[in-house]
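**Student:** For reference, the sequence and a predicted model appear below.
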Protein chains: 2
Amino acid sequence: MREHGTKRIFVHEVAPRDGLQIEPRFVPTEDKVRFVNALSKSGVAKIEVTSFTSPTAIPALSDAEAVMRTIIRAPGVEYAALAPNVRGAERALRCAVDELNVVMSASETHNFTNLRMTCDKSLGQIAQVLKVIDRQIPVNVSISTAFGCPFEGVVPESRVLELIARVVDSGADRVALCDTTGVANPLQVEQVFGAVGSRWPEVRFTAHFHNTRGMGLANVLRALDVGVTRFDASVGGLGGCPFAPGASGNIATEDLVHMLHLMGYETGVSLEQLLECAGTLPPLLGHDVPSHVLKAGPSTRRYPVPGAAAEKRDA
Amino acid sequence: MREHGTKRIFVHEVAPRDGLQIEPRFVPTEDKVRFVNALSKSGVAKIEVTSFTSPTAIPALSDAEAVMRTIIRAPGVEYAALAPNVRGAERALRCAVDELNVVMSASETHNFTNLRMTCDKSLGQIAQVLKVIDRQIPVNVSISTAFGCPFEGVVPESRVLELIARVVDSGADRVALCDTTGVANPLQVEQVFGAVGSRWPEVRFTAHFHNTRGMGLANVLRALDVGVTRFDASVGGLGGCPFAPGASGNIATEDLVHMLHLMGYETGVSLEQLLECAGTLPPLLGHDVPSHVLKAGPSTRRYPVPGAAAEKRDA
């Protein structure tokens, strides 16, 4: 299995959009720009910078144009943004985003709660966006709740395949399957990514996992096993689903990169620089972040030998 | 790979010993007994109840005899205890433990810091314990820092194999490889457990992982892939290494069982009962615990659909 994977993995940083969108404290535009610029230096392959949605829908990201136009773009990094519809896509285009991210849910209830429309209507809008963009820039379709829905429960694999078929028919060639509330397990990940990878070898699939139930990196491992090479992650482990309180957060980019490097994968990312970014978050946001490696340090960390050794039995 | 694994997994609960030993607050004997009794009802295969060490070394477990003699033993559950030496082993035997756990580290510095003796001396003591016990009850040898040392860094696989060869020569047929400070990665787990499983097919190997750097369940997954069927875990995610502050904790038993069940493994454990146990810990210990599933609930958890849906873009 592991044989089919290349050793090059592409890390997509989503904290500036997926993380900041649910923060109760508005992050000032200049801090957002500083944050994205620092992330650019880490060497991630893509950064989802912001969302071109209505400012009343997501007040936290009401400064999309200003952020997108002020950041310093590093060569080799793709700067993506989310757009909910054609109007948002046009705003994003005017800001010269490198990739557009459009989103819908695999489950009707989540789609309606999140986007106030049926899945069919979302599919129509995505087709429209793809038509308007007309391959000027790549469009990625993120399918939320692809591994389960916080309202409906199980989402059958056949449903996910059906939606992918629809968006591929509309011209999409980049698809992210998102475990929005962290319900996916490694067996399911193997089945779903195994199935889509062999059915649509021409589509760039991304895995978007949350660590809500501790399975984030186990799911990454199984996705690697079936050949996935692109992963969304959020520095500090920011993020979560606004409709599933307590069900926080995306896998932390530093935890992902730390594991990948230990396993011999190349990411092009500087773990040190990522940890520096992660370290700026608690003071910026006013709360602790769920990252593991930020707290514990990398596996190579050495501790001083205690002087007068307490006699403890430690296993 | 996954083909060689049986679908039956044995869950070893270590919180009463490995977790409570580093708690600053002394847990009263009757609360420990209640805790172990509740764990017994969850259906875990083994519980490490306490440690027969000197009360000055580990004051938190100074009531080893009282706890061991007062708990109600459930049929089908093994009640184990740690013993550092022959004297401890004899105390444990008098309390009729079902299995003795002896411990040493793979790295000299950790062994000396933890046990105040060289690895050679520890190997000698373990041989002595095995001789005195003389197969009256099974003895498990836990090798700490088997995947890396917080003082020395890398621990070569050859060192771990050498130590296993020595304890197997002394008569050990149960060995746990312990990632004491959570530095192991899935590739290393595959290599080490792959190697020991094929070299000593007659030995019962247990994997003991910490989630310090978020890789706990990813390591479990890879251990399953190479045929490991026995896992130590700590309800609530209690535990950690006293010499690596901040480097907390064992994988949470409920997170382990939750993932295993979703993947179709049988454990004989009631997740509901485990979560009930985990829920008693924060009030008992006076602090939050790092368990994921205790906080988020199982993957099957459903949230109420919000009434007036906020228009959020959620991926």
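**Tutor:** Sure, I can see it. Numbers count the residues shown, from 1 in each chain, chains lettered A, B, ... in the order given.

**Student:** mind showing which ranges of the stretch 151-300 of chain A have poor pLDDT?
**Tutor:** A:245-248 (pLDDT under 70).

**Student:** where do the strands sit along it?
**Tutor:** Along the stretch 151-300 of chain A, the segments classed as strands by DSSP state E, counting those that start in this stretch run A:174-178, A:204-208, A:230-233.

**Student:** Would you check how far apart A:E276 and chain B are?
**Tutor:** Separation of A:E276 from chain B (CB to the nearest CB, to the nearest Å) stands at 17 Å. Bear in mind the C-beta positions are built from the backbone N, C-alpha and C, glycine included.

**Student:** ugh, wrong one, A:T253
**Tutor:** Separation of A:T253 from chain B (CB to the nearest CB): 11 Å.

**Student:** Can you get me a residue count around the closest residue to that residue other than its chain neighbours?
**Tutor:** Spatial nearest neighbour of A:T253, chain neighbours left out: A:A233 (4.0 Å); criterion: CB to CB, 6 or more residues apart in numbering or on different chains. A:A233 has 28 neighbours, counted by other CB atoms under 10 Å in any protein chain shown.

**Student:** Repeat that for the one 10 residues further on.
**Tutor:** Look at A:F243: counted by other CB under 10 Å, it has 24 neighbours.

**Student:** Can you tell me which residues in the stretch 1-150 of chain A are near chain B?
**Tutor:** Contact residues, the stretch 1-150 of chain A versus chain B (CB under 8 Å from any CB of the partner chain): A:1, A:14, A:18, A:21-22, A:51, A:53-54, A:56-58, A:82, A:84, A:101, A:103, A:105, A:109-110, A:112-116, A:142, A:144, A:148, A:150.

**Student:** In contact with A:E23, which residues?
**Tutor:** Contacts of A:E23 were listed using CB atoms under 8 Å, 6 or more residues apart in numbering or on different chains, and they are A:60, A:238, A:285.

**Student:** mind putting those residues in TSV, neighbour count included?
**Tutor:** Conversion of the contacts of A:E23 to TSV gives the following (neighbours: other CB atoms under 10 Å in any protein chain shown):
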residue	neighbour count
A:A60	20
A:L238	26
A:L285	18
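
**Student:** and which of those is nearest to B:L271?
**Tutor:** Minimum distance to B:L271 across these is 28.3 Å, recorded for A:L238 (CB to CB).

**Student:** Please tell me I have it right and that closest one contacts A:L20.
**Tutor:** Yes. A:L238 is within contact range of A:L20, at 7.2 Å (criterion: CB atoms under 8 Å).

**Student:** any idea how far the residue nearest to A:T253 lies from A:V293?
**Tutor:** According to CB to CB, to the nearest Å, A:A233 stands 12 Å off from A:V293.

**Student:** repeat for A:I126
**Tutor:** Computed as CB to CB, the A:I126 to A:V293 distance reads 35 Å.

**Student:** of these two, who's got more company?
**Tutor:** More crowded of A:I126 and A:V293, by other CB under 10 Å: A:V293, with 26 against 22.

**Student:** How about the contacts made by the most centrally placed residue in chain A?
**Tutor:** Chain A has A:D232 as the residue nearest its centroid, 3.3 Å off, counting by CA atoms, centre = their mean. Contacts of A:D232 were listed using CB under 8 Å, 6+ apart, and they are A:12, A:14, A:18, A:48, A:176, A:178, A:206-209, A:250.

**Student:** all helices in the stretch 51-200 of chain A, in order from the N-terminus.
**Tutor:** Read by DSSP state H, counting those that start in this stretch, the stretch 51-200 of chain A holds these helices, from start to end of the chain: A:64-70, A:86-94, A:108-115, A:119-133, A:157-169, A:186-199.

**Student:** Which among those is found nearest to A:C277?
**Tutor:** For the helices of the stretch 51-200 of chain A, the distance to A:C277 is smallest for helix A:64-70, at 15.8 Å, taking CB to CB.

**Student:** buried stuff in that closest one?
**Tutor:** Neighbour counts over helix A:64-70 (16 or more other CB atoms under 10 Å in any protein chain shown) mark A:64, A:67-68 as buried.

**Student:** okay, the residues you listed in TSV with pLDDT and distance to A:L161 next?
**Tutor:** Formatted as TSV, these follow (pLDDT from 0 to 100; distance: CB to CB, whole Å):
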residue	pLDDT	distance to A:L161
A:A64	98	33
A:V67	98	36
A:M68	98	34
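
**Student:** Let's have those in JSON lines, adding distance to A:A89.
**Tutor:** Formatted as JSON lines, the buried residues of helix A:64-70 follow (distance: CB to CB, whole Å):
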{"residue": "A:A64", "distance to A:A89": "12"}
{"residue": "A:V67", "distance to A:A89": "17"}
{"residue": "A:M68", "distance to A:A89": "13"}
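
**Student:** Kindly provide the distance from the closest residue to A:A45 other than its chain neighbours to A:I164.
**Tutor:** Nearest residue to A:A45, sequence neighbours excluded (CB to CB, 6+ apart): A:F10, at 4.1 Å. Distance, A:F10 to A:I164, by CB to CB: 19 Å.

**Student:** can you check A:G148 too?
**Tutor:** Note on A:G148: its distance to A:I164, by CB to CB, is 17 Å.

**Student:** Same check on A:V44?
**Tutor:** Using CB to CB, one gets 25 Å for the distance from A:V44 to A:I164.

**Student:** cool, A:K46 as well?
**Tutor:** Per CB to CB, A:K46 is found 20 Å from A:I164.

**Student:** Then A:I143?
**Tutor:** Separation of A:I143 from A:I164 (CB to CB) stands at 7 Å.
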